[in-house]
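1. got a predicted model here, sequence first, then my questions.
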Amino acid sequence: MRIWYQSLGRLDAWGGYPAHLEAMLARAKAPATEIVLKGTQRGIAEYHATLAHESKGDVLANLRRAVAEKANAFVIGNFFDIGLEEAREIAPFPVLGLGETSIALSHMMGQSYGLICPNAKYAARLDRALRAARLDARLAGIAVLDTPRLTALGAAFDDARARAELLDAIEHAVARDLGAAEVVIPAGGVVMALMDKAGLTRFDSGAVVLNGIAGLILMAQTAVQLAGLHGGTLTSRHLSHARPDEGERARIAELYGPDVFPHWDD
């Protein structure tokens, strides 16, 4: 099995994050599973709508690469799930996003979940997205850190003092804002990886920390197996992710080019 892990942004901009991410992926995958980890040329702070829009094109371009390189699943390692709906519409294999998958897993682990967000704008944008997707029913709260530049988090992978300061801020924010959360989700791959590196799996309250990166890989492997048990497909092609019929596809190709809706069958 081959899973394409699509991170957002240039991996060389995150300090020690890519190396620890690779280690987490290696721990989570089955022995026979291969993980292809790729970043994007654009994208660093996708809580800005403009950057989210720009990076979506890179995600879809890499989806096309994943199909050409015979991947069995495509996962988007970004908590805003940039490009998830578009990728599901055209991909011939399961597509999962870090945010949606993490929240779904939290529902199996407890009756309420809380989020740790790097900064206030990130939290506001994520809160709107959750409400729009009706994923806020079990949301107990959002703990907000003071990290205006997300790439600054990369230094904490190699700097024990910076990591300790960040963890102290996280624990304080969780105690202040997430007392009603049974499951705590770090809302982003970088914060997930930092908490994994620190070995933080549970807070003093008893709330468990969700390792969404590991969960994403495990669920992707399961999704590939489920697709095999569902006649080779996992994504419903009725309504939301329906593809154009042959006549409409031909017209789209004539107007926009043949690559907009590639002819990939599940």
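-> Received the coordinates, thanks.
2. for Glu34, grab phi and psi.
-> Backbone dihedrals for Glu34, given as degrees, to the nearest 10, come out at phi -110, psi 130.
3. can you report how many residues neighbour the closest residue to it other than its chain neighbours?
-> By the measure of Cβ to Cβ, 6 or more residues apart in numbering, the closest residue to Glu34 outside its immediate chain neighbours is Arg2, 4.8 Å from it. The way it works is simple: take the backbone N, C-alpha and C, and place the C-beta from them, glycine included. When counting by other Cβ atoms under 10 Å, one arrives at 15 neighbours for Arg2.
4. how much space separates Arg2 from Ala19?
-> 21 Å (Cβ to Cβ, to the nearest Å).
5. thinking again about what came up before, can you pull the contacts of the residue nearest to Glu34?
-> Contacts of Arg2 were listed using Cβ atoms under 8 Å, 6 or more residues apart in numbering, and they are 33-34, 36, 69-73.
6. likewise Asp265?
-> Pro92.
7. quick check, it in a helix?
-> No. Read with DSSP: H, G, I helix; E, B strand; the rest coil, Asp265 is coil and lies in no helix.
8. Lys70: how many residues sit nearby?
-> 8.
9. an error on my part: the question was meant for Ala133.
-> Ala133, neighbours per other Cβ under 10 Å, totals 12.
10. any idea how far it is from Glu85?
-> 10 Å.
11. now do the helices in the stretch 51-200 of the chain.
-> 84-90, 98-109, 120-132, 160-177, 189-198 (DSSP state H, counting those that start in this stretch).
12. so what's Lys70 closest to, chain neighbours aside?
-> Closest to Lys70 by Cβ to Cβ, 6+ apart is Arg2, at 6.3 Å.
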